[in-house]
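Student: what's the 3D shape of this:
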Amino acid sequence: MQYAILEGDDVTGVSVMRMDAGLDTGPVYLQRSMPIDSDENAGSLHDRLAELAAGVLEETLPRLLARELTPEPQRLELATFAPKLSKADAPLDWRKSAVRLERQVRAFNPWPVAEAKLADGQRLRIWRAAALQAAASTSLAEPGAIVATGPAGIDVATAAGVLRLQRVQPSSGRVMDASAYLAAHAVQGAAFVG
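Tutor: From the prediction side, this is the model:
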């Protein structure tokens with residue numbers, strides 16, 4: 001699920017397959033797909049896929065027991081490998097595009113949760129963000145530089161575009177709107193590292 005969001009896929013789905021000796025390489029009995037919403041995170045996608053999977057199992061099991069389904073071999077040349085996620089994947093790399101970083105924030109919510117570190121060492125977990133096109137005045141800013149703050153969030157320069165941090169969580173705090181974080185923390189002119 002996370003990699004479907006991270007890679008910008010428009011569609012995902014579920015498959016009922018027969019297990020074999022390989023990793024997810026067995027023949028497939030039935031597949032169903034569903035679109036990935038443009039603002040979807042891994043938590044909401046998980047819940048929607050769980051509902052889809054329940055319906056697919058309900059459809060598949062009786063047909064499987066009645067021997068109405070014949071499994072079809074997978075086309076291994078179409079397979080992609082998605083490595084297991086870890087906390088080490090959480091830090092945002094500001095040298096990537098704002099679009100890629102927004103997808104990372106969505107893909108890593110609710111786990112491992114994207115994070116960023118300010119130059120002073122303070123860490124923020126990023127729960128929601130939006131990719132914006134960079135204005136001419138911010139397009140020359142170094143990746144990681146905070147280029148604007150306000151009620152809408154914290155705007156950070158990236159390699160291409162600006163990432164607006166909308167919901168954040170300080171190391172020892174609760175999840176909050178970026179505007180609430182800004183009420184207690186002066187970050188204008190600061191920068192994120194990494």
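
Student: where does the chain have low pLDDT?
Tutor: 136-138 (pLDDT under 70).

Student: centroid-nearest residue for it?
Tutor: Compute the mean C-alpha point of the chain, and by C-alpha atoms, centre = their mean the closest residue is Ala107, 1.3 Å away.

Student: tell me the contacts of Ala130?
Tutor: Glu102, Gly153, Leu163, Arg164, Gln166 (C-beta atoms under 8 Å, 6 or more residues apart in numbering). C-beta: built from backbone N, CA, C; applies to glycine.

Student: go on, Trp111?
Tutor: By C-beta under 8 Å, 6+ apart, the neighbours of Trp111 are Ala42, Leu85.

Student: can you verify it is assigned to a helix?
Tutor: No: Trp111 is assigned coil when assessed by DSSP: H, G, I helix; E, B strand; the rest coil, not a helix.

Student: can you list the domains in this structure?
Tutor: 2-78, 87-193 (automatic domain parsing).

Student: okay, those domains, which one's buried deepest?
Tutor: domain 87-193 (a mean of 18; mean count of other C-beta atoms under 10 Å).

Student: how distant is the helix or strand hosting Gln169 from the center of its chain?
Tutor: Taking DSSP states H and E as the definition, Gln169 sits inside strand 162-170. Distance, stretch centre to chain centre, for strand 162-170: 14 Å (C-alpha atoms, centre = their mean, to the nearest Å).

Student: wait, Asp9 sits on Asp37?
Tutor: No: between Asp9 and Asp37 there is no contact, the gap being 11.8 Å when judged by C-beta atoms under 8 Å.
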